[in-house]
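Chemist: got a structure for you, letters missing:
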């Protein structure tokens, strides 16, 4: 009987020890996840130039779209005004799509981040890089000239850190 009691005591002790280790593992994992997520929140909560610019551009474009939609829906707008607003609306949407496509293609060449803005006269490209090599600049120019009607002289490439 004494041998059975010893075995039971040892077995119960091992089960309690195993449960303690499992609890410790759980609490350490939860603590590590909290630390990791708070570090991520701190990093992502700090807006970068690129994130801030995109937010500002999105807000401005949304406001422009609202104005154009109001003009098109207004009963006081004449046909010429509505036609002009529709053209501006379609041009704006086309520009937004082109900028987004160009940004994706440029990032596809291995750049961390970039912003493309298209105006009537030129294309501005801000690339997250301390300095660009001649080859990298040529890649960006090639993407812009292949995807748009702009020439290399119309493109301004700016490195930004």
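Modeler: Here it is on my side, so go on. This one's a predicted model, so the numbers in the text were calculated from it and none came from an experiment. Numbering: from 1, shown residues only.

Chemist: what sits against the most centrally placed residue in the chain?
Modeler: Among the residues of the chain, the one closest to the centroid is residue 51, at 6.9 Å (CA atoms, centre = their mean). Residue 51 makes contact with no residue, according to CB atoms under 8 Å, 6 or more residues apart in numbering. No exception for glycine: its C-beta is placed from N, CA and C like everyone else's.

Chemist: How far off centre is stretch 127-145?
Modeler: Taking CA atoms, centre = their mean, to the nearest Å, the mean C-alpha location of stretch 127-145 is offset from the chain mean by 20 Å.

Chemist: swap in stretch 126-137?
Modeler: In terms of CA atoms, centre = their mean, the centre of stretch 126-137 is found 19 Å from the chain centre.

Chemist: What's the first helix or strand after the helix or strand of the chain with the lowest mean pLDDT?
Modeler: Lowest by mean pLDDT, DSSP states H and E among the helices and strands of the chain is helix 2-45, with a mean of 63. As assigned by DSSP states H and E, the chain's next helix or strand after helix 2-45 is helix 49-73.

Chemist: Tell me the first helix or strand C-terminal of that next one.
Modeler: Once the chain leaves helix 49-73, the next helix or strand it forms, by DSSP H and E, is helix 79-108.

Chemist: What helices and strands are in contact with that following helix?
Modeler: Using 3 or more CB pairs under 8 Å, 6 or more residues apart in numbering; DSSP states H and E, the elements in contact with helix 79-108 are helix 49-73, strand 114-118, strand 123-128, helix 134-147.

Chemist: For whichever helix or strand comes after the last one, what is the distance to the chain centroid?
Modeler: The helix or strand immediately downstream of helix 134-147 is strand 155-160, counting by DSSP H and E. Remark: strand 155-160 is offset 19 Å from the chain centroid, using CA atoms, centre = their mean.
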